[in-house]
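1. A predicted structure for the sequence below; I have some questions about it.
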Amino acid sequence: MKKLLSLSLAAVMAVGVVPVAHAEPGGCIKYGAAGAVGGHVANHHGVLGALGGCVTGMYVRHRYRKEARAKAVLYDKEHPGAKGTYAEKATAYDVEHSTQPGAMNPTTAVPQVNAPQTNGPVPQGQPGPDTTHM
C-alpha cells in the first residue's frame with residue numbers, strides 16, 4: 001500500500017512539473033522538494049527542510065520578479081508605448097543591454113592579468129614601460 005501511494009504521488013508530481021517550460025527561478029515546489037530531500041538526509045527532518053526550501057524559493061522568485069519589473073520600467077522609458085508583459089520587456093531589456101537575468105548592469109570583460117600597464121600614450125622618442133624585468 002505504501003509503495004502504491006509513493007508511486008502515485010511521484011506520478012502526480014511528474015505531471016505537475018513537466019508542463020512548466022519557462023525558466024523562472026525559485027518557487028515553493030522546486031525549492032521545497034529539494035529542501036525535503038536535504039532535510040530527510042539530515043537526520044530525518046524532511047518537513048522542516050521542505051518548509052525552509054519553500055520559503056527560500058518564494059523569496060528567490062520574489063527577487064527575480066522584482067528585478068524583471070524594474071527592467072520593464074526601464075524598457076518602457078526607452079520605448080514608450082511598447083506592448084507586452086513585464087517578463088517580455090525584461091527579456092528585451094536584457095537583450096538590448098547585454099545583461100544577464102539576475103544582474104541589472106551589463107557584464108564587463110575580464111581584465112587581462114599579464115598585460116603591461118601604461119598610464120596613457122607614450123610620447124614619441126620616449127621609451128615605453130620596461131617589461132623585460134617582470
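-> Structure received. Numbers count the residues shown, from 1 in each chain.
2. Which is the succeeding secondary structure element to the helix of greatest length in the chain?
-> For the chain, the helix that runs over the most residues, judged by DSSP state H, is helix 46-78. Remark: after helix 46-78, the chain's next helix or strand is helix 86-97, criterion DSSP states H and E.
3. other SSEs contacting that next one?
-> When contacts are defined as 3 or more CB pairs under 8 Å, 6 or more residues apart in numbering; DSSP states H and E, helix 86-97 packs onto helix 46-78. (Glycine included, C-beta is placed from N, CA and C.)
4. Low-confidence ranges, this structure, go.
-> Applying pLDDT under 70 to the chain flags residues 1-22, 100-102, 105-134.
5. go with 80
-> Low-confidence segments of the chain (pLDDT under 80): 1-23, 98-134.
6. which parts of the strand or helix carrying I29 are buried?
-> I29 is part of helix 28-41, with elements assigned from DSSP H and E. Judged by neighbour count (16 or more other CB atoms under 10 Å), helix 28-41 contains these buried residues: 28-33, 35-36, 38-39.
7. helices or strands next to it in the packing?
-> Counting contacts by 3+ CB pairs under 8 Å, 6+ apart, helix 28-41 is packed against helix 2-17, helix 46-78.
8. that older thread, sort out which residues of the longest helix of the chain are buried, please.
-> 46, 48-54, 56-57, 60-61, 64-65, 67-68, 71-72, 75.
9. Next, the angle helix 28-41 makes with it.
-> 150 degrees (axes from the mean of the first three to the mean of the last three CA atoms, to 10 degrees).
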